[in-house]
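K.L.:
Would you be able to build a 3D model of this:
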Amino acid sequence: MTRLLNRIWVRFGLWFAATTLCSIALMVGVMLAFDLLQQRDFYNNLPQAVREELDELRAGIRVNDPRMREIYSQYGDEDLLFGERWSLGIGLALCLPFGMGVGFWVSRRITQPLTSMVEVAQRVGAGDYGARAVAGRTHGEMMEMIRAFNHMIDSVQALESERRATAASISHELRTPLTVLQARLRALCDGVIAADTHEFETLLGQVEHLSRMVSDLHTLSMADAGQLSLHMQRLDLNALVSEVLEQLRPQLQESRMALDLQLPLEEGLADIRADRDRMRQIVSNLVGNAVRHAAQGGWLGVQLQAETAGDGRTWIVLTIADAGPGLPAEVRDQPFQRFAQAPGKRRREGSGLGLSIVRALTEAQGGSVHSGPSVRGGACFRLRFPQA
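P.N.:
Residues are numbered from 1 along each chain as shown. Below is the predicted model:
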């Protein structure tokens, strides 16, 4: 019942009905008061004998008595219509201002949050992302609308902050290898350094770094635009994870990381609908992230399991955890933000877009990804995909 009364159209209808009833009651009251004044003047202007006779007729409740009608026609006001016009005019003169005043007050009370939203929208359009709409004393649907509007502004502000941070990070990430390339190529042209194989490998490494960053940025931009190319098919996640880890085993051995692989699901139970290449990219990014940042832990745990949700749907959960130092404090709250790595580590340890790509590719294929601490104190990433 309370939820129904909080709806805008119900509250507006109740206010309108109450205002109409109050206006009608005021008009009826004015007309009755005017009629009572007319009756009192009529009674006071009667001769004493006629007044006593009228009292006797009224006391006997003989309202329709011919004599009473005769008294009213003989001594009453001949222009009864004139009196009714006066009573109607006075009633309207009082009711119209009352109704209009209450109507304007109700309209102002209901539309005040909308006015606040318009002002905030104009300020946000001018670049002031700190403005928020004020709900005042509203509640119900209007309060929900204000909250949704302010949440939208929060999202726009967060996107704008991320856009600026991304632009600054991209310029920083591109400037470093370009500066190295420019300086070393200038030195080669001037004959300061020898043009040997080692130098060419150094230059090639910088070019490959730029190429990876451009490729990652293209992948993210396509995912944001909803135009990411995906070849969705039935995929055995058991087989794919095993295949990717086998290819990455040399890196794990070089980093002295022991692989704890748990794939207990039988054939067919770990099937999902996904793009094979994109899933390989997801697993490779997460394992590569662990190799770069958590090699000192000496352990990498990969587990695949099935979970049944409350609605009866079955989800395939892929967990990749390590025993490293865990996520840095500055990126723990938003680990999937672009260029979220700690300053000073980006150029040597990747483009800073690996986890952002993991989230974009996972969500594009109908899954979800969450991060947290692992059982050994490191970082843990859980990916959930609906079972095919």
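K.L.:
element containing residue 307?
P.N.:
Secondary structure assignment for residue 307, by DSSP states H and E: strand 299-308.
K.L.:
on contacts alone, who are the packing partners of that strand?
P.N.:
If you count contacts as 3 or more CB pairs under 8 Å, 6 or more residues apart in numbering; DSSP states H and E, strand 299-308 packs onto helix 237-254, strand 258-262, helix 276-293, strand 314-322. No exception for glycine: its C-beta is placed from N, CA and C like everyone else's.
K.L.:
tilt between the second one and helix 237-254?
P.N.:
Just to be clear, that refers to strand 258-262. Strand 258-262 and helix 237-254 are oriented at 170 degrees to each other (axes from the mean of the first three to the mean of the last three CA atoms, to 10 degrees).
K.L.:
re the thing from before, pipe the helices and strands packed on strand 299-308 into TSV and attach distance to residue 180 per row.
P.N.:
Listed next are the helices and strands packed on strand 299-308 as TSV, based on distance: least, CB to CB, whole Å:
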stretch	distance to residue 180
helix 237-254	25
strand 258-262	35
helix 276-293	20
strand 314-322	31
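K.L.:
Scan this protein for its longest helix.
P.N.:
When the chain is parsed with DSSP state H, its longest helix is helix 141-190.
K.L.:
pretty sure residue 232 contacts residue 273?
P.N.:
Yes: here residue 232 reaches residue 273: they are 5.3 Å apart, a contact under CB atoms under 8 Å.
K.L.:
Identify the contacts common to the two.
P.N.:
Taking CB atoms under 8 Å, 6 or more residues apart in numbering as the criterion, residue 232 and residue 273 both touch residue 365.
K.L.:
State the mean pLDDT of the longest helix of the chain.
P.N.:
The predicted model gives helix 141-190 an average pLDDT of 84.
K.L.:
so where is the stretch 201-350 of the chain shaky, pLDDT-wise?
P.N.:
Along the stretch 201-350 of the chain, segments meeting pLDDT under 70 span 340-350.
K.L.:
swap the cut-off to 80 and go again
P.N.:
224-226, 267, 330, 337-350 (pLDDT under 80).
K.L.:
quick revisit: mean neighbour count for the helices and strands packed on strand 299-308 - can I get that in a markdown table?
P.N.:
As requested, those are exported to a markdown table (neighbours: other CB atoms under 10 Å):
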| stretch | mean neighbour count |
| --- | --- |
| helix 237-254 | 16 |
| strand 258-262 | 13 |
| helix 276-293 | 20 |
| strand 314-322 | 21 |
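K.L.:
can you tell which of the ones you listed is closest to residue 354?
P.N.:
Distance to residue 354, taken as CB to CB, is lowest for helix 276-293 among the helices and strands packed on strand 299-308, at 4.4 Å.
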